[in-house]
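**Q** model the structure of this input:
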Amino acid sequence: MARYTGPKSKIARKFREPIYGPDKALERKNYVPGVHGPNKRRRKQSEYALQLMEKQKAKYTYGILEKQFRNLFKKASRNKGITGEVLLQYCESRLDNTVFRLGVSPTRDGARQLVSHKHITVNGGIVNIPSYQLKDGDVVSIREKSKSLIAITDSLSSANHNHDWLTWNNENMSGVFMNVPQREQIPENIKEQLIVELYSK
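**A** Numbering: from 1, shown residues only. This next block holds a predicted model:
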């Protein structure tokens with residue numbers, strides 16, 4: 001399964017945002033990485049550089065590599081609606097992202113691993129494809145034999161289920177993907193229009 005496996009704190013410092021969740025290194029060194037530290041003089045970024053940075057931020061945030069991300073963009077551009085918003089909606093509709101949003105895992109990487117290791121079901125059937133696109137009304141549950149996993153119970157004990165497009169039932173450990181979220185409901189700090197401009201060149 002292709003995914004980014006490099007240093008995560010360096011990525012967080014590059015964008016000056018906790019891309020992979022709370023990061024002590026980012027708090028301690030809230031400046032871009034490099035041998036010259038925070039005092040290095042940096043040139044004004046070009047329009048292309050800003051667009052590229054935004055695309056990279058989105059890819060790292062959702063854990064998607066270039067080819068898959070480009071295919072998502074092509075799919076979004078063929079769809080009705082604003083291309084940038086549709087692109088983010090596709091990212092949010094991924095199974096691994098939804099498992100993360102439901103609080104079953106504290107990180108998207110952890111959610112991806114739970115899906116890949118067959119701990120998650122969709123509408124009663126095991127799905128081990130992290131990029132699986134959920135549809136309105138799909139029920140995402142934890143597999144019966146996996147409900148006692150410490151990693152899952154610990155994550156759920158501190159989860160905050162406050163996403164309008166998802167519902168969670170703690171008794172049977174399952175959630176419902178009610179509908180595709182609107183742009184204002186998606187909390188990620190991503191300027192999707194810059195991504196559209198980049199791919200449209």
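
**Q** every contact and neighbour count from this point should use C-alpha atoms.
**A** Will do.

**Q** sketch out the low-pLDDT regions of this structure for me.
**A** Residues of the chain meeting the criterion pLDDT under 70: 1-43.

**Q** just the strands in it please.
**A** Taking DSSP state E as the test, the strands found in the chain are 120-122, 125-126, 138-142, 166-169, 174-177.

**Q** list the contacts of the shortest one.
**A** Counting by C-alpha atoms under 8 Å, 6 or more residues apart in numbering, the neighbours of strand 125-126 from elsewhere in the structure are 118-120, 143.

**Q** of these, closest to residue 90?
**A** residue 120 (19.4 Å; C-alpha to C-alpha).

**Q** mind listing what the residue lying closest to the closest one once chain neighbours are set aside touches?
**A** Computed as C-alpha to C-alpha, 6 or more residues apart in numbering, the closest residue to residue 120 that is not its neighbour in sequence is residue 142, at 4.8 Å. By C-alpha under 8 Å, 6+ apart, residue 142 lies in contact with 119-121, 173-174.

**Q** how about TSV for these, with distance to residue 197 and neighbour count added?
**A** Below are the contacts of residue 142 laid out as TSV (distance: C-alpha to C-alpha, whole Å; neighbours: other C-alpha atoms under 10 Å):
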residue	distance to residue 197	neighbour count
119	38	21
120	36	27
121	37	19
173	41	17
174	38	21
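
**Q** which of those lies closest to residue 153?
**A** Using C-alpha to C-alpha, those come closest to residue 153 at residue 173, 9.8 Å.

**Q** got a list of what that closest one touches?
**A** Residue 173 makes contacts with 141-142, 147, as judged by C-alpha under 8 Å, 6+ apart.

**Q** as CSV, these with distance to residue 133 would be great.
**A** Converted to CSV, the contacts of residue 173 look like this (distance: C-alpha to C-alpha, whole Å):
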residue, distance to residue 133
141, 15
142, 17
147, 23
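
**Q** Serialize the strands of the chain to a markdown table and add fields for distance to residue 65.
**A** Output for these, formatted as a markdown table (distance: least, C-alpha to C-alpha, whole Å):
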| stretch | distance to residue 65 |
| --- | --- |
| strand 120-122 | 22 |
| strand 125-126 | 24 |
| strand 138-142 | 24 |
| strand 166-169 | 26 |
| strand 174-177 | 24 |
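
**Q** domain assignment for the chain?
**A** With domains defined by automatic domain parsing, the chain comprises 8-90+191-199, 94-183.
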